[in-house]
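> Return atomic coordinates for the entry below.
(one chain, ligands or ions: 2)
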Amino acid sequence: MGASQETAVLPITIAPSLLSCDFARIAEEVGRVEASGGDWHHVDVMDGHFVPNLTLGPPIVKRIHAVAQRPLDVHLMIEEPRRYARAFAEAGAYVLTFHAELYANAAELRATIQAFREAGIAAVGVALNPDTPVERVADVLDEVELILVMSVFPGFGGQSFMSEVLPKAAWLREQGFGGHIEMDGGLNRDTLPLCAAAGANVLVAGSALFGAADMKAEIERFRRSARAARGERT
Ligand code: DX5
Ligand code: ZN
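Numbers count the residues shown, from 1 in each chain. Ligands and ions are numbered 1, 2, ... in the order given. Got it, this is the predicted structure:
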């Protein structure tokens, strides 16, 4: 798989988090994200154990997939990701991300990465809580397509960005990691350019986009400021 051999800079990918949508109108919200230029749909799955909140599971992901044109970026905040890998793959997850905190060593991370691949997941991700050292994923960087650097403690939308996690993204790029670096939690007009400057290319935002007066204008603004932050002409 080896994402770290690639040298090309990955395009800025804006991933609105459906956690902040109106769940009573989810198909319309998916359509609104796509009409507004969102690249991926970020879907937060919580089990009430790994995080103190409950959201949704494979049947809802399947229904989202049925109405979505864009890839589903499924962020698992659950205790037994291997057990559900096939169900999420069959439901249509493109990216499937699990949390590193569940495992004590690289061999266990590797077993879950392998289980996701066997389930048919195209892009495997590993997430790091704000207080988990980035070195925990050092030995599997060649085996995943995405590292998710959490910039809040997972569980809820609308929290404040923790800028102390930014060096993790820079460290991953210094190691030569050429896959996606995603940042999630508290991204807004002010904090999103910091993430892009540090090396993140997948930028998740829930409350800042679903709470915007004009989602399309906000996504355009996000994309412009992210590109400018990494020195691209916009
Ligand atoms: C938090 C979730 C996030 C959340 C982000 O546990 O993983 O994806 O939706 O929401 P905002 O952008 O409002 O911080
Ligand atoms: Zn998330």
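> Going by C-alpha atoms from here, please, whenever you check contacts or count neighbours.
Noted.
> show me what contacts Val67?
By CA atoms under 8 Å, 6 or more residues apart in numbering, the contact list for Val67 reads Ala27, Val30, Gly31.
> and it, how far is that from Asp22?
Separation of Val67 from Asp22 (CA to CA, to the nearest Å): 15 Å.
> how far away is Ala106 from Glu118?
Taken as CA to CA, the span from Ala106 to Glu118 is 18 Å.
> The protein: helices as residue ranges?
Ranges of helices in the chain, per DSSP state H, are 26-35, 58-67, 81-91, 106-119, 166-174, 192-198, 207-210, 215-229.
> Of all the ones you listed, which one comes closest to Ser160?
helix 207-210 (10.9 Å; CA to CA).
> what about the closest one, near ligand 1?
Yes: shown here: helix 207-210 in contact with ligand 1 (CA under 6 Å from any ligand atom) through Ser207, Ala208.
> so for that helix, what's the average pLDDT?
Helix 207-210 carries an average pLDDT of 98.
> residues from the chain in reach of ligand 1?
So far as CA under 6 Å from any ligand atom goes, the chain lies against ligand 1 at 17, 19, 44, 154-159, 184-187, 205-208.
> any low-confidence regions in this protein?
1-8, 234 (pLDDT under 70).
> Name all residues that make contact with the closest residue to Asn201 other than its chain neighbours.
In this structure, Asn201 finds its nearest non-sequential neighbour in Ile12, 4.8 Å apart by CA to CA, 6 or more residues apart in numbering. For Ile12, the contact set (CA under 8 Å, 6+ apart) comprises Asn201, Val202, Leu203, Arg223, Ala226, Arg227.
> Would you agree the last one is in contact with Arg233?
Yes: shown here, Arg227 and Arg233 form a contact pair, counting by CA atoms under 8 Å, at 7.1 Å.
> Settle it for me: which of those two has more neighbours?
Arg227 (19 against 8; other CA atoms under 10 Å).
> Might you report the residue contacts of the spatially closest residue to Leu187 that is not a sequence neighbour?
Excluding its sequence neighbours, the residue lying closest to Leu187 (CA to CA, 6+ apart) is Ala205, at 5.5 Å. Going by CA under 8 Å, 6+ apart, Ala205 touches Ile14, Ala15, Pro16, Ser17, Asp184, Gly185, Gly186, Leu187, Asn188.
> Number of residues surrounding the last one?
The number of residues packed around Asn188, counting by other CA under 10 Å, is 19.
> do the same with the second one
A count of neighbours around Ala15, defined by other CA under 10 Å, yields 27.
> Do I have it right that it meets His41?
Yes: the pair Ala15 / His41 is scored as a contact, 5.4 Å apart, by CA under 8 Å.
> Report the set of residues contacting both of those two.
Shared contacts of Ala15 and His41 (CA under 8 Å, 6+ apart): Asp73.
> Let me know the outermost residue of the chain.
The outermost residue of the chain, judged against the average C-alpha position, is Arg233 (25.1 Å), by CA atoms, centre = their mean.
> Contacts only, for that residue.
So Arg233 contacts Arg227 (CA under 8 Å, 6+ apart).
> switch the cut-off to 10 Å
Residues counted as contacts of Arg233 (CA atoms under 10 Å, 6 or more residues apart in numbering) are Arg224, Arg227.
> mind putting the helices of the chain in JSON lines, distance to Glu143 included?
Formatted as JSON lines, the helices of the chain follow (distance: least, CA to CA, whole Å):
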{"stretch": "helix 26-35", "distance to Glu143": "30"}
{"stretch": "helix 58-67", "distance to Glu143": "25"}
{"stretch": "helix 81-91", "distance to Glu143": "16"}
{"stretch": "helix 106-119", "distance to Glu143": "8"}
{"stretch": "helix 166-174", "distance to Glu143": "14"}
{"stretch": "helix 192-198", "distance to Glu143": "22"}
{"stretch": "helix 207-210", "distance to Glu143": "32"}
{"stretch": "helix 215-229", "distance to Glu143": "27"}
